[in-house]
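>>> below: sequence and its predicted model.
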Amino acid sequence: MSIGSTIKSIQDIMRKDTGVDGDAQRIGQLVWMLFLKILDDREQEWELLNEDYKSPLPQRLRWRNWAADPEGITGEELKEFIDGDLFPSLRELAPRQSKPLGFVVRGVFEDAYNFMKSGQLLRQVINKIQAGINFNKAQERHEFGNLYEQLLRDLQSAGNAGEFYTPRPVTEFMVRMVDPKLAEEVMDPACGTGGFLTCTIEHKRKNYVKTAEDERILQGSIHGVEKKPLPHLLATTNMILHGIEVPSQIRHDNTLAKPLISWGPKDRVDCIVANPPFGGMEEDGIENNFPAAFRTRETADLFLVLIMHLLKAGGRAAVVLPDGFLFGEGIKSRIKERLLTECNLHTVVRLPNGVFNPYTGIKTNLLFFTKGVPTREVWFYDHQYPAGVKNYSKTRPMRVEEFAVEEAWWGSEENGFAERVENEFAWRVSFEELQARNWNLDCKNPHVGEEVIHDPEALLRNYALMQREIADLRDQLKAVLVEALERDA
């Protein structure tokens, strides 16, 4: 049976269990078990390479000793072991001295849960994993890596869990344009399932890793922080799948909860690639960690202030932000003023509708900037649908090949992007004009007139998208109004 068939049969078993509700819980349930199986496979490999290797897990908690035997414990005994021993013990795991892997395991299980209620169905799932996946076989490892990416894509249709996944074509394009070098420290302060970081790992290995020492440098250059438990578990597993032996630099934390001034010079990084959550509000008091001029509970705005602060001089960033940030006023204008005066915002790629469907229909933008030099002009590029495509969908998602036109046009930052030329999709706006616009970055393409649509299906589709955008904007405005009233009370 292929790995894909194995995973499908596991999900079919889980659907029979009354404790697992919806795709997000099914994926979370599957991944904590996969994490322990993958960890056990890797430990077998490390034991062969190093006879002195000692696992940070007590023997009874290692996958091989409670899960690997298909005739092993089952029913209530298995359920009681998982709920009463495995999870509590891993959450309280006391890592052996100089064994950071123990901290990783403890961090993964701090907020993980076993949702399944049937011990018999649990045994069936465990047996499928044990028989169907061997992470030490190179071919199966590659196949499973592709399958894991599909599992993460499935999160897009799993309610609010969709916010944790950025489409692979977007992450690949952003990382390639930032081009993190081998020794450059790369961070995603809201890393979700780790998509930007895995793309960074692949980019560095493809372009810069030539020796074992290069690989060692790469292993220490990746940093991520994720606030919520499910994506943190997914990201940690994702790092192991991509060859990061001890992903201790993927922390389970909220980067916004630390006062801005507490991030000192040693915390600065060379590159940041991120899709900070937008449209949501942070918990009360988080905004007080930021200077008064930038205090807001809008998550994406706070993350952008943090990202600018965390970059070293000359550091490069690529960030996904919604249209609302481009035209927003008040605090958003002050943030944009700082962005344009302290960084070179050299490129804004404007994405069409549907890139993040079905999670959100809000139009999004990719902002590329370098810290330390003020902006002289901003280049805008309207990303186009492929020929014959009027919107993205689950059956017709965005493809990475679509960004070939932007890459061919991009040019080099070292010579000020002198190679760039305006065309029907690309135009530039000077710093002075943006300043006169009160930092409004919602600059329309001057080469394209108003599009007249006569297709009834297209009109209805656009109307539905517009209604969703209006609803999302209304919710954001309502939250801002509530915040203002609370502040003035």
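Looks like it came in fine. For clarity, every value in this text was computed on a predicted model and none was experimentally measured.
>>> switch to C-alpha atoms for all contacts and neighbour counts from now on
Noted.
>>> quick one: the closest residue to Tyr53 other than its chain neighbours from Lys54, how far?
In space, Tyr53 comes closest to Glu47 once its chain neighbours are excluded; the distance is 5.6 Å by CA to CA, 6 or more residues apart in numbering. Going from Glu47 to Lys54 by CA to CA, to the nearest Å gives 8 Å.
>>> same thing with Lys444?
60 Å.
>>> same question, Thr171
Distance from Thr171 to Lys54, by CA to CA: 37 Å.
>>> between the two, tell me which one has more neighbours.
Thr171 (24 against 13; other CA atoms under 10 Å).
>>> can I get whichever strand or helix holds Asn344 as PDB, trimmed to CA atoms?
Per DSSP states H and E: Asn344 is located in strand 343-350. Only the C-alpha atoms of strand 343-350 are listed here, as PDB (Å, rounded to 0.1, in the frame of the first residue of the first chain):
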ATOM      1  CA  CYS A 343      13.400  50.900   4.900                       C
ATOM      2  CA  ASN A 344      13.600  50.700   1.100                       C
ATOM      3  CA  LEU A 345      10.100  49.300   0.200                       C
ATOM      4  CA  HIS A 346      11.200  48.500  -3.400                       C
ATOM      5  CA  THR A 347       8.500  46.200  -4.500                       C
ATOM      6  CA  VAL A 348       4.800  45.500  -3.900                       C
ATOM      7  CA  VAL A 349       3.300  42.500  -5.800                       C
ATOM      8  CA  ARG A 350      -0.400  42.800  -5.900                       C
END
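>>> which elements pack onto it?
Packing partners of strand 343-350 (3 or more CA pairs under 8 Å, 6 or more residues apart in numbering; DSSP states H and E): strand 364-371, strand 377-382.
>>> Val178 reaches Ala317, doesn't it?
Yes. Using CA atoms under 8 Å, Val178 makes contact with Ala317 at a distance of 6.8 Å.
>>> compare those two (neighbour count), which wins?
Between Val178 and Ala317, Ala317 has the larger neighbour count (other CA under 10 Å), namely 28 against 19.
>>> can you tell me how far that one is from Val209?
Ala317 is 22 Å from Val209, by CA to CA.
>>> and Leu101, that one's in a helix?
Yes. Assessed with DSSP: H, G, I helix; E, B strand; the rest coil, Leu101 lies in a helix.
>>> and what about the residue nearest to it when sequence neighbours are not counted, helix, strand or coil?
Nearest non-adjacent residue to Leu101, counting by CA to CA, 6+ apart: Val246, 5.6 Å away. Of the three states, Val246 takes coil under three-state DSSP.
>>> what residues are up against Val246?
100-101, 104, 240 (CA atoms under 8 Å, 6 or more residues apart in numbering).
>>> can I have the buried ones of these as a PyMOL selection?
What follows is the PyMOL syntax selecting those of the contacts of Val246 that are buried according to 16 or more other CA atoms under 10 Å:
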select buried, resi 101+104+240
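>>> export the contacts of Val246 to a markdown table and tack on distance to Ile201 and pLDDT?
Formatted as a markdown table, the contacts of Val246 follow (distance: CA to CA, whole Å; pLDDT from 0 to 100):
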| residue | distance to Ile201 | pLDDT |
| --- | --- | --- |
| Pro100 | 20 | 79 |
| Leu101 | 19 | 84 |
| Val104 | 19 | 87 |
| Ile240 | 11 | 86 |
